[in-house]
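S.K.: Show me the folded form of this:
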Amino acid sequence: DVAGTIFNRQAYVGLKSRFGAVTLGRQYTPFFVTVSTVADPFGAGYAGTALNLFPAVGNNRRTSNTLQYASPVVSGFSGELAYGVGEHADSNSAGRQLGAAFAYAKGPLNARLAHNHKNNDTATDRTQGIGRNTLLAANYNFGVAKAFLAYGIDKGTNSAILPTRATNPNPFGAIAPQNLPTASLDSRDLLLGVAVPFGASTILASYIRKDDKGSLNQDAHQWALGYTYALSKRTSLYSSYAQIKNENGAGYTVGNNSEVGTGDQALNLGVRHSF
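M.R.: Prediction:
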């Protein structure tokens with residue numbers, strides 16, 4: 001979310017025809033859509049959300065002043081292109097963001113390859129460089145269960161932002177400088193997950209590994225377990241538990257869709273209603 005703005009979530013207009021859809025405004029990035037709709041059995045919500053370790057926060061989640069094209073679906077294949085204007089009058093590249101995704105969804109298989117490219121330069125600082133995120137994600141419905149797999153590569157400035165940085169840059173109270181949480185500039189993300197439905201109930205589970213390739217080697221692992229019970233098509237009960245193991249001073253926290261979290265474990269209980 002962006003403080004001081006009129007719209008913190010999506011707000012856009014567009015046109016749609018048999019040739020695809022063009023939209024303009026504040027929108028989800030193709031990268032975030034891949035994480036939330038294909039990679040994560042928790043749907044980027046609850047305590048088990050993949051957003052605790054996958055870098056789909058900040059500008060990797062939503063971008064303002066973005067022009068996006070989504071192609072029609074042809075034999076299960078589709079694609080998306082997004083361009084976010086940097087809004088610096090003296091530069092065409094500073095602050096701009098590019099996104100793309102290529103998808104296949106047919107039968108039991110749903111797969112997406114997404115890329116996010118963010119120029120971190122500002123009007124006063126042209127040395128910030130580029131943040132790049134590439135993600136391959138897929139899920140397959142076996143009937144008795146749906147399996148999830150995702151692998152991401154993150155490189156450059158702001159390619160793996162710590163969700164707690166704005167509110168609590170040191171959530172676990174590290175003292176030694178070498179143990180302070182530091183955003184990785186080169187990391188790999190792996191997710192394995194499953195959703196098992198039976199009747200109105202669904203059991204969710206996932207394992208995520210953040211592999212920091214930098215000199216600090218601040219890796220992290222997350223285990224998550226959840227349960228949902230559908231009261232109706234729009235309303236369900238849910239519970240979710242997740243725990244993160246940080247290594248070498250890493251500062252990842254367990255949050256959910258509404259807050260970034262303050263510790264290395266969390267439990268959610270609640271009711272969800274879709275309007």
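S.K.: quick one, helices of the stretch 1-150 of the chain?
M.R.: For the stretch 1-150 of the chain, the helices defined by DSSP state H, counting those that start in this stretch occupy 30-34.
S.K.: so where's it uncertain?
M.R.: 1-8, 89 (pLDDT under 70).
S.K.: make it 90
M.R.: Residue ranges of the stretch 1-150 of the chain with pLDDT under 90: 1-12, 45, 56-65, 85-96, 119-129.
S.K.: how deep is the nearest residue to Ala183 once chain neighbours are set aside tucked in, by neighbour count?
M.R.: Counting by C-beta to C-beta, 6 or more residues apart in numbering, Ala183 lies nearest to Leu162, which is 5.2 Å off, once chain neighbours are set aside. From N, CA and C alone the C-beta is placed, and that goes for glycine too. The local packing count at Leu162 equals 22, with neighbours defined by other C-beta atoms under 10 Å.
S.K.: and if you look at Leu204?
M.R.: When neighbours are counted by other C-beta under 10 Å, Leu204 registers 25.
S.K.: what does stretch 103-118 contact?
M.R.: By C-beta atoms under 8 Å, 6 or more residues apart in numbering, the surrounding residues in contact with stretch 103-118 are 29-31, 33-34, 37-38, 59-60, 73, 75-80, 97-102, 130-143, 158-159.
S.K.: Over to stretch 60-72?
M.R.: Taking C-beta under 8 Å, 6+ apart as the rule, stretch 60-72 contacts 2, 5, 7, 9-10, 12, 14, 18-29, 31-32, 78-85, 87, 97, 99, 116, 118, 133, 161.
S.K.: Pull out the buried residues from those residues.
M.R.: Among the contacts of stretch 60-72, those classed as buried by 16 or more other C-beta atoms under 10 Å are 20, 23, 25-29, 31-32, 78-82, 84, 97, 99, 116, 118, 133, 161.
S.K.: so where's the stretch 151-275 of the chain shaky on pLDDT?
M.R.: Ranges of the stretch 151-275 of the chain meeting pLDDT under 90: 158, 160-183, 249-251, 255-263, 272-275.
S.K.: would you list every one of the helices in it?
M.R.: Using DSSP H, counting those that start in this stretch, helices in the stretch 151-275 of the chain do not occur.
S.K.: What segments of it are strands?
M.R.: 186-198, 201-212, 220-230, 235-246, 265-273 (DSSP state E, counting those that start in this stretch).
S.K.: so which of these comes closest to Ser91?
M.R.: Across the strands of the stretch 151-275 of the chain, Ser91 has its closest neighbour in strand 186-198 (26.0 Å, C-beta to C-beta).
S.K.: Mind listing the strands that closest one pairs with, and their directions?
M.R.: strand 146-155 (antiparallel), strand 201-212 (antiparallel) (DSSP bridges).
S.K.: List the buried residues for the shortest one?
M.R.: So that's strand 146-155. Applying a neighbour-count criterion of 16+ other C-beta under 10 Å, one finds Lys146, Phe148, Leu149, Ala150, Gly152, Ile153, Asp154, Lys155 buried in strand 146-155.
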